[in-house]
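Asker: Sequence first, predicted coordinates after that:
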Amino acid sequence: MPDPLRIGFVTTHAAHDRAAYSGSSFAMRQALLARADVAVIDIDGLSTVLYPLWRAKQAAYWFGFGRRYWMNRQPAVLSGYARQVARRVAADGPIDVLLSPGSVPLCHYTGPVPAVFWSDATFDCLVDFYPEATGFSRETVVAGHRMEEAALRNCTLAIYSSDWARQSAARVYKATAAKLQTVPYGANIDPQTGPPVADGFITARVGQPPRLLFVANDWRRKGGDLAVAATAELVRRGRPVALDVVGQPPPGPVPPFVTVHGFLDKRAAADRQRLTDLFRSAHALVLPTRADCVPMVVAEAYAHALPAAATAVGGVPSVIDDGVTGRLLPPDAGAADWATAVEEMLWPEERHVVLSQAALARFRSLLNWPVAVGRVVELLHTRCVASHAA
């Protein structure tokens, strides 16, 4: 058996942090660790040079001018990351390739080891799209675009979780097409228990009162108000539906057909089980999101044989096949539109069964971490290590 591919896994946070990148970084690393042909060397916990200075500058921008300032797009911070990576490579080598779940840690790295990032967005994707990426200072906008240009210039390969993000890299930053790939993320399922045996979930739901599921830690951005309004419209139409809400609680009281479960911490076994139970008993995921790169919860829903309805924004169309694994709705869709889409997913029950089966099949064939990481490892071998050795 050939020697394993030695991958330096580069993150600014602790590599074992389940919460970072909505859990995708942890799941990505766990899938790499599970492979016999890979050895993972953690290059993590990168420190921000002169952190108090950048924090003070960030506060000055916000309180003085009402503008946002991102310190981790500043050249001095990025160069500091690159120096730390280079030192760790020298100390922990030999390393065949560097892989990061974001472009920031590696964007200024120009050492001898091929650098690859696997991200869900470019800087341009985020600006004036996410609420926390609006109202930037001019300094941050300039630095952010320059950072992304440097990352794409210095990397050997840039992998994105959606065509939307990959196309941004090509269109906005003029990245070389040969450097760009799309590999969707997997579902953030507990690696200790593995994916649920979900085939029986579909038949168990037949004949049960329909339950909708909304999972989000940002009530407004993810469209929690619209999820409640759509459920209210279904109830008004005489449909016996209920809505389970997980994550950030609503800002006010909710109707009796809504159950609020609050934040469920995936780091706690009891909370992970509770979330699994909610996925298992639900009939459809409803996510009227107003801004999203690729919502991880869609793949998690598919893992539980749960079709999903979501807004066609950002990279969402990369994971929902309209009319096959769920429904895609335009950003201007109202509560009545969402209610109709949910009706079309749930009734007749035969239709719901077909959608559920397609959702589960999509998880098993594409949206799981072993498949996704397998594709990336193949790319690392053929596009990075082989060319580097040549």
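Answerer: Looks like it came in fine.

Asker: Pass me the low-pLDDT residue ranges in the stretch 1-150 of the chain, would you?
Answerer: Scanning the stretch 1-150 of the chain with the threshold set as pLDDT under 70 gives 1.

Asker: Show me where it has its helices.
Answerer: Taking DSSP state H, counting those that start in this stretch to define them, one finds helices in the stretch 1-150 of the chain at 24-33, 51-65, 75-92, 123-126, 138-154.

Asker: The helix or strand following the last one - contacts with which helices or strands?
Answerer: Taking DSSP states H and E as the definition, the helix or strand that follows helix 138-154 towards the C-terminus is strand 157-160. Here strand 157-160 is seen to pack against strand 115-119, helix 163-173, strand 180-182, helix 369-379 when contacts are counted using 3 or more Cβ pairs under 8 Å, 6 or more residues apart in numbering; DSSP states H and E. In short, each C-beta sits where N, CA and C put it, glycine included.

Asker: can you give me the mean pLDDT across the last one?
Answerer: This means helix 369-379. Per-residue pLDDT values over helix 369-379 give a mean of 96.

Asker: Could you export it as CSV, CA atoms only?
Answerer: Listed next in CSV are the C-alpha coordinates belonging to helix 369-379 (Å, rounded to 0.1, in the frame of the first residue of the first chain):
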residue,chain,number,x,y,z
TRP,A,369,-18.7,13.8,3.7
PRO,A,370,-17.1,10.4,2.7
VAL,A,371,-18.1,11.0,-0.9
ALA,A,372,-17.2,14.7,-0.9
VAL,A,373,-13.8,14.2,0.8
GLY,A,374,-13.1,11.2,-1.5
ARG,A,375,-13.5,13.5,-4.5
VAL,A,376,-11.3,16.2,-2.9
VAL,A,377,-8.6,13.6,-2.1
GLU,A,378,-8.7,12.5,-5.7
LEU,A,379,-8.2,16.1,-6.8
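
Asker: buried ones in that helix?
Answerer: 369, 371, 372, 373, 375, 376, 377, 379 (16 or more other Cβ atoms under 10 Å).

Asker: Spit out the contact partners of the nearest residue to the fifth one once chain neighbours are set aside.
Answerer: With sequence-adjacent residues excluded and distances taken as Cβ to Cβ, 6 or more residues apart in numbering, residue 375 is closest to residue 183, at 5.1 Å. Residue 183 makes contacts with 118, 159, 160, 161, 372, 375, 376, 379, as judged by Cβ atoms under 8 Å, 6 or more residues apart in numbering.

Asker: same check, this time on residue 47
Answerer: Residue 47 makes contact with 80, 84, according to Cβ under 8 Å, 6+ apart.

Asker: coming back round to it: with the buried residues of helix 369-379 in mind, which one is nearest to residue 247?
Answerer: Using Cβ to Cβ, residue 369 comes nearest to residue 247 of those, at 22.0 Å.

Asker: Wait, the closest one touches residue 187, no?
Answerer: Yes - counting by Cβ atoms under 8 Å, residue 369 does reach residue 187; the two are 7.4 Å apart.

Asker: who touches stretch 339-354?
Answerer: The contact list for stretch 339-354, computed with Cβ under 8 Å, 6+ apart, reads 202, 205-207, 210, 212, 230-231, 233-234, 237, 239, 241, 283-284, 286, 307, 309, 326-327, 329, 333, 355.

Asker: My error: substitute stretch 246-257 in the last question.
Answerer: Applying Cβ under 8 Å, 6+ apart, the set of residues contacting stretch 246-257 is 213-219, 222, 224-225, 228, 231-232, 235, 241-243, 245, 258, 260-264, 275, 278.

Asker: Among those, name the ones in helices.
Answerer: Residues of the contacts of stretch 246-257 located in helices (DSSP state H): 224, 225, 228, 231, 232, 235, 275, 278.

Asker: tell me which of the residues you listed is nearest to residue 46?
Answerer: Using Cβ to Cβ, residue 275 comes nearest to residue 46 of those, at 30.6 Å.

Asker: mind listing what's buried in stretch 167-178?
Answerer: Going by 16+ other Cβ under 10 Å, stretch 167-178 has these buried residues: 167, 168, 169, 170, 172, 173, 175.

Asker: I meant stretch 99-116, not that one.
Answerer: Buried residues in stretch 99-116, defined by neighbour count with 16+ other Cβ under 10 Å: 99-109, 113-116.

Asker: Now that you've got the contacts of stretch 246-257, can you turn the buried subset into something I can paste into PyMOL?
Answerer: The buried residues among those can be selected in PyMOL (16+ other Cβ under 10 Å) with this line:
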select buried, resi 213+214+215+216+218+219+222+224+228+231+232+235+241+242+243+245+258+260+261+264+275+278
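
Asker: got a list of what residue 101 touches?
Answerer: Counted by Cβ under 8 Å, 6+ apart, residue 101 has contacts 11, 21, 24, 25, 28, 117, 118, 119.

Asker: So, low pLDDT: which residues of the stretch 251-390 of the chain?
Answerer: In the stretch 251-390 of the chain (pLDDT under 70), the answer is 386-390.

Asker: could you pull out the helices for it?
Answerer: 269-281, 296-303, 335-346, 349-365, 369-379, 386-389.

Asker: can you state the direction angle for the fourth one and helix 296-303?
Answerer: Spelled out, it's helix 349-365. 110 degrees (axes from the mean of the first three to the mean of the last three Cα atoms, to 10 degrees).

Asker: In helix 349-365, which residues are buried?
Answerer: Quick answer for helix 349-365 (16+ other Cβ under 10 Å): 352, 353, 355, 356, 358, 359, 360, 362, 363.
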